[in-house]
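S.K.: what follows is a predicted structure for the sequence shown.
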Amino acid sequence: MIVALAAALVGILEMGSRVQPASYATATGLRAAVIASGLDAPLFVTTPPGDPRLFVVEQPGRIRVIRGGHVLARPFLDLTARVAYGGERGLLGLAFHPAYARNGWFFVDYTDVNGDTRVERYHVGTDPDVADPASGALVLQVAQPFANHNGGMLAFGPDGGLFVGMGDGGSGGDPHGNGQNDHTLLAKMLRLDVNGALPCANPGIWAKGLRNPWRFAFDRGSPLLYIADVGQNSWEEIDVVDARRSGYNFGWNLREGLHAYRSGRGPAPELTDPVLDYSHADGCSVTGGYCYRGRALAGLQGTYFFSDYCRGWLRSFRWEKGRVTELRQWSVGRLGNVTSFGEDAEGELYVTTGQGSVLELVPDR
């Protein structure tokens, strides 16, 4: 939904208590350099540990390789015949195993031809730029009652588990009550042990109360997990939690961001507050990024970057001693419809857009 332009007002939390909305300081010194264009609905960038290549997820079902600044003509993997593509459906996530250099395993998350979520493991082929399409093994399958809110992000945590972001199943307002239902995998953050037998018989529910955790990221420099959870009609939120713990309840559909959404029955559960939310006067759908740990952007170590799909601004903050600090909006112009951020092996940051481009955040000299 396209929203009217309005002044940016953002809610900040300090140790879980509400403070007055604050504005973002204008910041300079960055630019978004185009490193690839003409891609087909790119929505994620990642790379294996220690690998100089970039791997770009195209929503219709392909993974493309950028090597030496060029997009290779042959896809790394083509799943278009198995993927239902359109709207919020498609090939949505990619994660390389931490030991990829040794075992050649990588994992994908997509909606199949029936619209259900499938997480699968594949193996690289004899050509390091091409995967073996016949190596697919089912890791997890989850039925999706509606076409939207599929989640789709995959990432390995510091404990070696594969984390899977699951949306609430779609429609609007969580009509099936999945957010607070412990007996469904929808509206959850899952942790999977993918080093044993497949498919995973008992996926672990790591956290609940998520509407659509489209993008989340582990911080390389701390035990923190940053989750950007897409809101309903009014509020977008970002959560920051200790990844060494589990059992968090982020509140959907009892609330949207910090704001009451629906009354619950029985005792009020203990909820984990977002560290930041912003209203739909300022965007429509949060796109979570990464906590910067590269070398090229001097002075920005530990800064978390994020954007909004509709407004295309670039913002950041630091999470220090349990509070948000250094709120900034960067003067890089409108990035476009930001579908995702990405991180390479050196910790440098990238942005994918609905206009078919991959951008790199670089110093503005």
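M.R.: Received the coordinates, thanks.

S.K.: strands along the stretch 251-365 of the chain, start to end?
M.R.: 255-256, 259-260, 276-279, 286-291, 303-308, 314-320, 323-330, 338-343, 349-353, 358-363 (DSSP state E, counting those that start in this stretch).

S.K.: so can I have CSV of the ones you listed showing distance to Arg121?
M.R.: C-betas here are computed from N, CA, C, even on glycine. What follows is these, written out as CSV (distance: least, CB to CB, whole Å):
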stretch, distance to Arg121
strand 255-256, 35
strand 259-260, 39
strand 276-279, 34
strand 286-291, 24
strand 303-308, 29
strand 314-320, 33
strand 323-330, 37
strand 338-343, 21
strand 349-353, 23
strand 358-363, 25
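
S.K.: can I get these in CSV with mean neighbour count?
M.R.: Below are these laid out as CSV (neighbours: other CB atoms under 10 Å):
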stretch, mean neighbour count
strand 255-256, 21
strand 259-260, 12
strand 276-279, 24
strand 286-291, 26
strand 303-308, 25
strand 314-320, 20
strand 323-330, 17
strand 338-343, 25
strand 349-353, 27
strand 358-363, 20
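
S.K.: for the closest residue to Leu258 other than its chain neighbours, which residues are in contact?
M.R.: Nearest non-adjacent residue to Leu258, counting by CB to CB, 6 or more residues apart in numbering: Asp277, 5.5 Å away. Contacts here follow CB atoms under 8 Å, 6 or more residues apart in numbering; on that basis Asp277 touches 10-11, 231, 235-238, 257-259.

S.K.: repeat that for 7 Å
M.R.: The neighbours of Asp277, taking CB atoms under 7 Å, 6 or more residues apart in numbering as the test, are 11, 235-237, 257-258.

S.K.: just among those, which is most surrounded?
M.R.: Among the contacts of Asp277, Glu236 has the most neighbours (other CB atoms under 10 Å), with 29 neighbours.

S.K.: OK, contacts around it?
M.R.: Contact analysis of Glu236 by CB under 7 Å, 6+ apart lists 230, 257, 277-278, 283, 285-286.

S.K.: low-confidence ranges in this protein?
M.R.: 1-22 (pLDDT under 70).

S.K.: which parts of it are helices?
M.R.: Using DSSP state H, the helices of the chain run over 100-103.

S.K.: Ala296: neighbouring residues, count only.
M.R.: Ala296 has 14 neighbouring residues, counting by other CB under 10 Å.

S.K.: let me fix that: Lys321
M.R.: Lys321, neighbours per other CB under 10 Å, totals 8.

S.K.: report the buried residues of stretch 74-81.
M.R.: 75-79 (16 or more other CB atoms under 10 Å).

S.K.: now it, how far from the chain's geometric center?
M.R.: 22 Å (CA atoms, centre = their mean, to the nearest Å).

S.K.: and what of stretch 230-250?
M.R.: The answer for stretch 230-250 is 12 Å, by CA atoms, centre = their mean.

S.K.: again, but for stretch 248-260
M.R.: On CA atoms, centre = their mean, the centre of stretch 248-260 falls 19 Å from the chain's centre.

S.K.: can you list the contacts of Glu236 in TSV and add distance to Ile63?
M.R.: Converted to TSV, the contacts of Glu236 look like this (distance: CB to CB, whole Å):
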residue	distance to Ile63
Val230	24
Gly257	33
Asp277	33
Tyr278	32
Gly283	29
Ser285	24
Val286	25
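
S.K.: tell me which of those is nearest to Phe305?
M.R.: Nearest to Phe305 out of these is Val286 (CB to CB; 12.0 Å).

S.K.: returning to what we had before: of all the strands of the stretch 251-365 of the chain, which one is nearest Gly29?
M.R.: With CB to CB as the measure, strand 358-363 is the member of the strands of the stretch 251-365 of the chain nearest Gly29 (6.5 Å).

S.K.: send the alpha carbons of that closest one over as PDB?
M.R.: Only the C-alpha atoms of strand 358-363 are listed here, as PDB (Å, rounded to 0.1, in the frame of the first residue of the first chain):
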ATOM      1  CA  VAL A 358      22.600  -4.900  -6.800                       C
ATOM      2  CA  LEU A 359      24.200  -1.900  -5.100                       C
ATOM      3  CA  GLU A 360      27.200  -1.800  -2.800                       C
ATOM      4  CA  LEU A 361      27.500   0.600   0.100                       C
ATOM      5  CA  VAL A 362      30.900   2.300  -0.400                       C
ATOM      6  CA  PRO A 363      32.700   5.400   0.900                       C
END
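
S.K.: run through the residues that contact the one residue sitting closest to the centre of the chain.
M.R.: In the chain, the centroid-proximal residue (CA atoms, centre = their mean) is Arg215; its distance is 1.1 Å. By CB under 7 Å, 6+ apart, the residues touching Arg215 are 153, 228, 287-288, 340-341.

S.K.: change it to 10 Å
M.R.: Taking CB atoms under 10 Å, 6 or more residues apart in numbering, we find Arg215 in contact with 43-44, 93, 151-153, 155, 165, 226-230, 286-290, 306-307, 338-342.

S.K.: now the strands for the stretch 101-250 of the chain?
M.R.: Under the criterion DSSP E, counting those that start in this stretch, the stretch 101-250 of the chain contains strands at 105-111, 117-124, 131-142, 154-156, 162-165, 188-192, 204-208, 215-218, 224-229, 235-242, 248-249.
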